[in-house]
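Enquirer: Predicted structure and sequence below. I'll ask about it afterward.
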Amino acid sequence: MRKPALTMILALSSAGLIGCVVRSAGPGSSGPGSSGPGSSRPAHASAETPGPAPAPGAPASAPTPPDQAAPPALVSVAPPAMTPGTVAPAPAPAPAPAPAPVAAAPWPDPASLTPTKPITCKANQVVTLANVLIDSAATAIEAHGACTLSITNSRIIGARAGLDIHGSARVKLVNTWVQSANTAIEIHGSAALDLGGSWLQGDRNALVAHGSAAITVASTHFKGQVTRKGSVAWNDAGGNSP
């Protein structure tokens with residue numbers, strides 16, 4: 001009867017040993033090959049293959065935060081292709097402004113002027129004419145000697161000459177129209193002429209000056225030829241045409 005007892009003891013010992021092994025594995029263990037109660041997977045499941053280990057000394061790569069994601073790539077647009085041998089057209093230059101036309105003088109209105117006979121200013125006379133209309137078949141006004149003549153806002157018309165100035169006469173015209181079928185104004189000797197805002201119109205000459213005459217011109221329109229001879233002193237104060 002000793003054999004059954006020995007068999008029982010071996011069986012109990014074997015059971016105790018198996019129990020120790022089971023307890024060492026423990027319930028709920030998730031280790032590889034574990035199949036006890038609470039195991040997260042069946043005993044026959046295969047273990048995951050680990051990724052490659054980082055190189056020695058290399059820093060571990062951190063995940064990129066969402067707010068630091070790479071910006072979208074820029075898309076470049078190529079210029080339009082040109083046919084070989086062609087040149088891109090240059091932009092058209094801006095047109096130059098047209099010069100302002102010089103209109104015919106609307107002044108002075110003949111209806112507002114006083115008709116006057118031709119005048120001769122001589123010696124040391126001082127003559128002032130304003131708002132007059134002189135229309136002569138010869139010379140409308142003559143100024144010679146040491147005469148001083150001033151004409152303002154008037155129309156002077158002469159078939160041979162509108163105004164003839166010589167000697168040492170001093171003549172000043174302001175806003176005055178002088179016209180002739182020949183020469184509008186002729187000046188010679190040492191006479192002096194001051195033209196301001198006036199209109200000189202001659203079929204042959206707008207102005208003829210010779211000798212040592214002195215002329216100052218400002219804002220005056222010349223319709224006809226301007227001729228200067230000798231040692232004429234010409235002072236252009238600007239605003240004249242042409």
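Expert: That came through fine. Computed from a predicted model, the values in this text were never measured in an experiment. Residues are numbered from 1 along each chain as shown.

Enquirer: Who does the closest residue to Ala130 other than its chain neighbours form a beta bridge with?
Expert: Sequence neighbours aside, Thr152 is the residue nearest to Ala130 in space, at 4.5 Å (criterion: CB to CB, 6 or more residues apart in numbering). C-betas here are computed from N, CA, C, even on glycine. For Thr152, the beta-bridge partners under DSSP bridges are Ala130, Val174.

Enquirer: looking at this structure, which helix or strand is least sure?
Expert: helix 2-25 (a mean of 45; mean pLDDT, DSSP states H and E).

Enquirer: right, and the helix or strand after that helix?
Expert: Toward the C-terminal end, the helix or strand that comes next after helix 2-25 (DSSP states H and E) is strand 114-115.

Enquirer: Counting neighbours, which bits of the helix or strand following that following strand end up buried?
Expert: Counting by DSSP H and E, the element after strand 114-115 in chain order, helix or strand, is strand 119-121. Neighbour counts over strand 119-121 (16 or more other CB atoms under 10 Å) mark Ile119, Cys121 as buried.

Enquirer: same question, stretch 230-242
Expert: Val232.

Enquirer: Look at it and report the distance between its end residues.
Expert: With CA to CA, to the nearest Å as the measure, stretch 230-242 spans 22 Å from end to end.

Enquirer: now swap in stretch 130-141 and tell me
Expert: Rule used - CA to CA; the end-to-end distance of stretch 130-141 is 14 Å.

Enquirer: who's in contact with that stretch?
Expert: The contact list for stretch 130-141 (CB atoms under 8 Å, 6 or more residues apart in numbering) reads 108, 110, 112-121, 149, 151-164.

Enquirer: now stretch 230-242
Expert: So stretch 230-242 is contacted by 102, 209-222, 228 (CB under 8 Å, 6+ apart).

Enquirer: Which of the residues you listed fall within strands?
Expert: Mapping those onto strands (DSSP state E) picks out Ala209, Ala214, Ile215, Thr216, Val217, Ala218, His221, Phe222, Arg228.

Enquirer: ok, those residues vs Ala191, which is closest?
Expert: Nearest to Ala191, judged by CB to CB, of the ones in strands among the contacts of stretch 230-242 is Ala214 at 7.8 Å.

Enquirer: Help me confirm that that closest one comes into contact with Leu195.
Expert: No. Using CB atoms under 8 Å, Ala214 makes no contact with Leu195, being 11.8 Å away.

Enquirer: Which one's more surrounded, these two?
Expert: Leu195 (24 against 17; other CB atoms under 10 Å).

Enquirer: give me the beta-bridge partners of that one?
Expert: What pairs with Leu195, by the bridge criterion (DSSP bridges), is Leu173, Val217.

Enquirer: hmm, back to that, would you mind giving the ones in strands among the contacts of stretch 230-242 as a markdown table with distance to Val127 and pLDDT added?
Expert: Formatted as a markdown table, these follow (distance: CB to CB, whole Å; pLDDT from 0 to 100):
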| residue | distance to Val127 | pLDDT |
| --- | --- | --- |
| Ala209 | 21 | 97 |
| Ala214 | 20 | 97 |
| Ile215 | 20 | 97 |
| Thr216 | 20 | 97 |
| Val217 | 22 | 97 |
| Ala218 | 22 | 96 |
| His221 | 25 | 95 |
| Phe222 | 25 | 96 |
| Arg228 | 26 | 95 |
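
Enquirer: May I see these organised as TSV, with distance to Leu173 added?
Expert: Output for the ones in strands among the contacts of stretch 230-242, formatted as TSV (distance: CB to CB, whole Å):
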residue	distance to Leu173
Ala209	14
Ala214	14
Ile215	11
Thr216	11
Val217	10
Ala218	11
His221	12
Phe222	13
Arg228	18
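
Enquirer: Can you tell me which of the residues you listed are buried?
Expert: Neighbour counting by 16+ other CB under 10 Å classes Ala209, Ala214, Ile215, Thr216, Val217, Ala218, His221, Phe222 among these as buried.
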